[in-house]
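In: quick one: sequence plus predicted model below, questions after.
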Amino acid sequence: MSETYQRATQNYWVKPLTFATPFLYGESLTSWLVRAALKHGCSPLTFTYYYWPQYRIWTYDADKGFSHFDGQITSDIAILTGHNVDTFDDQILIDFSEDTSIKSDNKSPLQWTTPLSKRNRYSRLGYPYCPDCMEDDKEAYLKLQWRFTWSVCCTKHKTFLQVNCGHCNQPYQPQLLSPEQRFINRCHSCLGKMDQAISNAIPSEALHKFQQLADEAFYSKQGIVLGQVVSMVQWFEHLLFLINLVRRGLKNPNYMFGKLIAALGIDTDTLSLPKTALRFDFLPVGERVALLECAYRLLQVDANDWINVCFDLDITQNSFQWSKSTVTPKAFSEVHDQLHRVPTRSYGAQSEDMKPASPKVVMASWNRLKRKMQMRDSYDKHKKG
């Protein structure tokens, strides 16, 4: 507690809240700020402006924490909640990025976290939540775990997470709630309760097991790849490698990687590429689910099966360098090092003649444009409202 009291002298007028609002285990900072504001009868904007008028807090992703631009804010929140400042060390996204050596800044979304795509206070992408967890007014809060992109369902209720309101289909924006709503489980647009599921689909048992496996790697800071214990960083690097491998295989099922993932148990006939071709963290829940289930299947394959299938398909070390930026994860080296390496070839300058883009590239570009238009429509509706 000494650190909390020491920092309190720097902002001596900050006192514990009149109506105690404890910071719950696993809760996100966004959730606590909104709950505290509503409990004291004011909007989240008014609450944060009162304590930190020099910053526009809601133009940032509050779940990242505030140490990257003013660590005093975290100390103030510790006093307001009645907790020790150390309580927040494991409750921010920046903590995960530091563990994985991911560079971060004020605006850019972090790898493995769902982006909010802020425009002033407005988030063009909704905040992920479980509709079953939002049923009880007084018990409702948002979990930081839901911000991670490997978290696609609620482990308690085995319900898919969603980012839009089940009533009006607008992005869920807890930071835009007014004091009249009183509780965090309300939609700022239609004022409906956020307990309505958009889909009746139920997560598969494989997906549930995968998420437990990913959570274990996150909390224990280590995981198992090809029978070997590796660090959390290496485990998630390997997971992303498998996801990209599946996407590569689905891009052309009749080519090398399509045959590889099919031989390893992935049914390529029932799967399709993400429509927008965006990076994994920007994909909607449904598309992330399909890729994670495939990655989980590949995580079960042992090293010998990987090596045998690669030999059968004449896959070499060079095959996994599908782009200049591709880095084969260290955890995959047990397989990679057993494969042949072909001497690299030099290529002449490419022709400057214009070549039309493929239909797949055109459709991906069109779907990204439609996504932007939908986000703009939601924002325009918010401005008019």
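Out: Yes, it's here. Note that the coordinates shown come from a computational prediction; the quantities given were computed from them, not determined experimentally. Residues are numbered from 1 along each chain as shown.
In: point out where the chain drops to low pLDDT.
Out: Applying pLDDT under 70 to the chain flags the ranges 1-12, 89, 97-108, 344-355, 379-380, 382-385.
In: that one: helices as residue ranges?
Out: 2-8, 29-39, 44-51, 72-81, 93-99, 205-220, 232-251, 256-263, 285-299, 303-312, 333-336, 359-384 (DSSP state H).
In: can you put those helices in a markdown table and add distance to Asp63 and mean neighbour count?
Out: Heads up, the C-betas are built off the backbone N, CA and C, glycines and all. Shown next, in a markdown table, are the helices of the chain (distance: least, CB to CB, whole Å; neighbours: other CB atoms under 10 Å):
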| stretch | distance to Asp63 | mean neighbour count |
| --- | --- | --- |
| helix 2-8 | 21 | 13 |
| helix 29-39 | 5 | 24 |
| helix 44-51 | 14 | 18 |
| helix 72-81 | 12 | 20 |
| helix 93-99 | 5 | 18 |
| helix 205-220 | 15 | 16 |
| helix 232-251 | 18 | 21 |
| helix 256-263 | 34 | 19 |
| helix 285-299 | 18 | 19 |
| helix 303-312 | 37 | 16 |
| helix 333-336 | 34 | 17 |
| helix 359-384 | 20 | 13 |
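In: go through those and name the closest to Ser319.
Out: Evaluated with CB to CB, the helices of the chain place helix 256-263 nearest to Ser319, the distance being 6.2 Å.
In: got the CA coordinates for that closest one in PDB?
Out: The C-alpha trace of helix 256-263 is given here as PDB (Å, rounded to 0.1, in the frame of the first residue of the first chain):
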ATOM      1  CA  MET A 256       1.000 -27.100 -51.700                       C
ATOM      2  CA  PHE A 257      -0.400 -25.700 -48.400                       C
ATOM      3  CA  GLY A 258      -4.000 -26.600 -49.300                       C
ATOM      4  CA  LYS A 259      -2.900 -30.200 -49.700                       C
ATOM      5  CA  LEU A 260      -0.800 -30.000 -46.500                       C
ATOM      6  CA  ILE A 261      -3.600 -28.800 -44.200                       C
ATOM      7  CA  ALA A 262      -6.000 -31.300 -45.900                       C
ATOM      8  CA  ALA A 263      -3.500 -34.200 -45.200                       C
END
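In: returning to that earlier point: reformat the helices of the chain as TSV; add distance to Leu142.
Out: Formatted as TSV, the helices of the chain follow (distance: least, CB to CB, whole Å):
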stretch	distance to Leu142
helix 2-8	24
helix 29-39	4
helix 44-51	13
helix 72-81	15
helix 93-99	13
helix 205-220	17
helix 232-251	23
helix 256-263	35
helix 285-299	16
helix 303-312	39
helix 333-336	39
helix 359-384	20
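In: Glu135: which of the ones you listed is closest?
Out: Judged by CB to CB, the one of the helices of the chain that comes nearest to Glu135 is helix 29-39, at 15.7 Å.
In: relative orientation of that closest one and helix 72-81 in degrees?
Out: Using axes from the mean of the first three to the mean of the last three CA atoms, to 10 degrees, the inter-axis angle of helix 29-39 relative to helix 72-81 is 50 degrees.
In: for helix 29-39, packing partners?
Out: helix 44-51, helix 72-81 (3 or more CB pairs under 8 Å, 6 or more residues apart in numbering; DSSP states H and E).
In: relative to Leu110, which of these is closest?
Out: Across the helices and strands packed on helix 29-39, closest to Leu110 is helix 72-81 (CB to CB), at 17.4 Å.
In: can you list the domains in this protein?
Out: Using automatic domain parsing, the domain parsing of the chain gives 2-181, 205-336.
In: can you get me the start-to-end distance on stretch 51-61?
Out: One end of stretch 51-61 sits 17 Å from the other (CA to CA, to the nearest Å).
In: when you give positions from now on, start the count at 140
Out: All right, first residue 140 from here; so that's stretch 190-200.
In: Val364 is in contact with Ala470, isn't it?
Out: Yes - contact status for Val364 versus Ala470: in contact at 4.0 Å, counting by CB atoms under 8 Å.
In: which neighbours do these two share?
Out: By CB atoms under 8 Å, 6 or more residues apart in numbering, Val364 and Ala470 have these common neighbours: 373-374, 377.
In: so where do the strands sit in the stretch 240-389 of the chain?
Out: For the stretch 240-389 of the chain, the strands defined by DSSP state E, counting those that start in this stretch cover 257-258, 261-262, 292-293, 298-299, 361-364, 367-370.
In: out of these, deepest packed?
Out: Comparing the strands of the stretch 240-389 of the chain by mean neighbour count (mean count of other CB atoms under 10 Å), strand 261-262 comes out on top with a mean of 23.
In: cool, thanks, signing off.
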